[in-house]
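Undergrad: this is a predicted model, with the sequence first.
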Amino acid sequence: MARVKFSPIVSDIAGSIGGITFQKNSYGNSLRMKPFPIKVGSQKQLDQRSILKQVQYAWQALSDSQKKAWQNFSAFSASFANHNPKSLLSGYNLFLKYNILRLTCGLSILSTVSFSVPTFPSSQPTLETDGGHLYIYVYPLVDISSFFMEYYLSPPKNINSGFVKSNLRLLKLPVESYASEELTDLYRSAFGIIPQVDQFVLQGFRYVSVACPIFSKMVIAPTQVTIHI
């Protein structure tokens with residue numbers, strides 16, 4: 001805190017300018033720096049930071065041979081950076097990208113990568129609603145010991161008004177089975193509402209190997225919600 005002396009030109013001052021506050025008390029006039037507010041992120045942001053820390057610590061715990069395997073797998077799978085399609089991801093960045101997704105989708109961290117090329121399922125998810133409940137159905141059944149699904153939905157929208165990919169939100173599907181799962185709480189938590197029969201949502205999904213960071217092609221398309229039978 002600093003004391004303020006006035007001149008014939010400036011005889012009084014109060015309030016704040018930038019990060020400085022001028023105030024008057026029993027000791028005279030003074031100025032002090034305003035405390036910076038502590039930024040507290042949303043629960044989603046806090047969860048994401050926690051996941052990132054877990055994955056970073058897991059990388060540090062890998063052996064040199066495990067780290068080298070992740071580096072070699074980047075070239076094996078042609079894993080390029082999104083911002084530069086001519087630049088391969090480093091082993092570290094590939095480890096982060098894949099394991100952040102695993103934790104977000106409810107799986108554990110994969111430390112040892114498997115050099116394999118899977119044959120992805122062709123199963124298409126559909127959405128049904130009944131009495132205010134929303135369900136996802138995936139058929140033919142997916143082998144959950146080999147694959148998990150990265151799954152996105154948008155709020156309901158008029159099919160003629162167009163959809164925006166930025167409205168898609170990742171939903172953490174239960175990993176026990178994708179045959180028939182209720183999405184009511186997940187969807188309402190993301191959007192505050194439940195789509196009605198015959199409404200459209202934008203759906204995005206792709207399958208991911210549980211043994212290595214290889215992904216199927218992302219499929220994004222409007223999907224009509226049908227009645228649950």
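TA: Arrived safely.

Undergrad: only C-alpha atoms from now on, for both contacts and neighbour counts.
TA: Fine.

Undergrad: what's the average pLDDT for the longest helix seen in the chain?
TA: With residue count as the measure and DSSP state H as the assignment, the chain has helix 43-60 as its longest helix. The predicted model assigns helix 43-60 a mean pLDDT of 90.

Undergrad: now the next helix or strand after it against helix 43-60, angle please.
TA: Remark: after helix 43-60, the chain's next helix or strand is helix 64-76, criterion DSSP states H and E. In terms of direction (axes from the mean of the first three to the mean of the last three Cα atoms, to 10 degrees), helix 64-76 departs from helix 43-60 by 110 degrees.

Undergrad: name the next helix or strand downstream of helix 64-76, please.
TA: Tracing the chain C-terminally past helix 64-76 and defining elements by DSSP H and E, one meets helix 91-104 next.

Undergrad: run through the strands of this protein in chain order.
TA: With DSSP state E applied, the chain shows strands at 2-3, 15-17, 20-25, 28-33, 124-130, 133-139, 147-153, 169-171, 180-182, 200-209, 219-224, 226-227, listed in chain order.

Undergrad: so for residue 111, which of those strands sits nearest?
TA: Proximity to residue 111, assessed across these by Cα to Cα, is greatest for strand 200-209 (14.0 Å).

Undergrad: send me that closest one as CSV with only the CA atoms.
TA: C-alpha atoms of strand 200-209 as CSV (Å, rounded to 0.1, in the frame of the first residue of the first chain):
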residue,chain,number,x,y,z
PHE,A,200,-33.2,-34.7,-35.9
VAL,A,201,-29.9,-34.5,-34.1
LEU,A,202,-26.4,-34.4,-35.6
GLN,A,203,-24.5,-37.7,-34.7
GLY,A,204,-20.8,-38.3,-35.0
PHE,A,205,-19.0,-41.5,-34.2
ARG,A,206,-16.0,-43.6,-34.9
TYR,A,207,-14.5,-46.8,-33.5
VAL,A,208,-11.2,-46.9,-31.8
SER,A,209,-8.9,-49.9,-31.1
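
Undergrad: from the contact counts, what lies against that strand?
TA: strand 147-153, strand 219-224 (3 or more Cα pairs under 8 Å, 6 or more residues apart in numbering; DSSP states H and E).

Undergrad: got the strands of the chain as TSV, with mean neighbour count columns?
TA: Below are the strands of the chain laid out as TSV (neighbours: other Cα atoms under 10 Å):
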stretch	mean neighbour count
strand 2-3	12
strand 15-17	11
strand 20-25	15
strand 28-33	15
strand 124-130	18
strand 133-139	18
strand 147-153	22
strand 169-171	18
strand 180-182	17
strand 200-209	22
strand 219-224	17
strand 226-227	17
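
Undergrad: figure out which of those is closest to residue 194.
TA: Short answer: strand 133-139, nearest of the strands of the chain by Cα to Cα, at 7.0 Å.

Undergrad: quick check: angle from the closest one to strand 124-130?
TA: Inter-element angle recorded for strand 133-139 and strand 124-130: 150 degrees (by the same axes, to 10 degrees).

Undergrad: okay if I get the helices and strands packed on strand 200-209 as JSON lines plus mean pLDDT and distance to residue 108?
TA: Putting these into JSON lines (pLDDT from 0 to 100; distance: least, Cα to Cα, whole Å) gives the following:
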{"stretch": "strand 147-153", "mean pLDDT": "94", "distance to residue 108": "12"}
{"stretch": "strand 219-224", "mean pLDDT": "94", "distance to residue 108": "25"}
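
Undergrad: could I get these as TSV with distance to residue 138?
TA: As requested, these are exported to TSV (distance: least, Cα to Cα, whole Å):
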stretch	distance to residue 138
strand 147-153	10
strand 219-224	14
